[in-house]
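> Provided below for reference: sequence and predicted model.
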Amino acid sequence: MLFLFWAFMAVGLTAAAVTSRVGWPARLGFGAGAVSAYLLVWWSARFWWAAFCQGRREEAVAEPDAWPWLFPPVIGGVVLAVSGVGMLSRGDGSGWFGLGFGLVFGGPSLMMMALEVGEWFSGRSRRAPVVPAQPVEPPRPRRDWGPIGR
């Protein structure tokens, strides 16, 4: 479902960036949102293809990183916040909606992106290779019955 949602979102943002009659900052925002949505669609298709294609490998597909999922909300939130501030600076009171929605929409994703960048630079994101768990033999029952047959 998210794959289809982001595919339609990417097409819509592309159409808005190409055909809209707004200034270049809004077109740049629409274009950045479209590019990030296309990247998310590509990443999602690649991940699901690797997970479900015929002739897949013995090992599991690696868990996805948070990067592709953080870009579209962050870019959308920044675009909404900047356009809200621009509307407020021109005296339009409806800019509060754009500013508030941009902070609610992009704020948590922006914080997660900052944490991801901090983890990336600290070197903690280097994960140890996953070693498959060895089957553990259950403990054998203890038979301490003494001498049998006497």
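Alright, I've got the coordinates.
> what strand or helix carries residue 78?
helix 67-89 (DSSP states H and E).
> that helix packs against which elements?
helix 24-52, helix 95-122 (3 or more Cβ pairs under 8 Å, 6 or more residues apart in numbering; DSSP states H and E). Where C-beta positions appear, they are placed from N, C-alpha and C, glycine not excepted.
> helix 67-89 and the longest one, what's the angle between them?
If I follow you right, that is helix 24-52. 160 degrees (axes from the mean of the first three to the mean of the last three Cα atoms, to 10 degrees).
> so which elements touch helix 24-52?
helix 2-19, helix 67-89.
> pLDDT of the longest one, averaged?
I take that to be helix 67-89. Taken as a whole, helix 67-89 carries a mean pLDDT of 78.
> so which bits of it are buried?
Across helix 67-89, burial judged by 16 or more other Cβ atoms under 10 Å covers 68-84, 86-87.
> stretch 1-19 too?
6, 7, 9, 10, 13, 14, 16, 17.
> and which of these is nearest residue 138?
residue 6 (46.5 Å; Cβ to Cβ).
> isn't that closest one up against residue 41?
Yes. With contacts counted by Cβ atoms under 8 Å, residue 6 reaches residue 41, the gap being 5.1 Å.
> give me the common contacts of the two.
Among the neighbours of residue 6, none is also in contact with residue 41 (Cβ atoms under 8 Å, 6 or more residues apart in numbering).
> sorry, back to before: any idea which of the helices and strands packed on helix 67-89 is most buried?
helix 24-52 (a mean of 17; mean count of other Cβ atoms under 10 Å).
> mind checking how far that one is from the chain centre?
11 Å (Cα atoms, centre = their mean, to the nearest Å).
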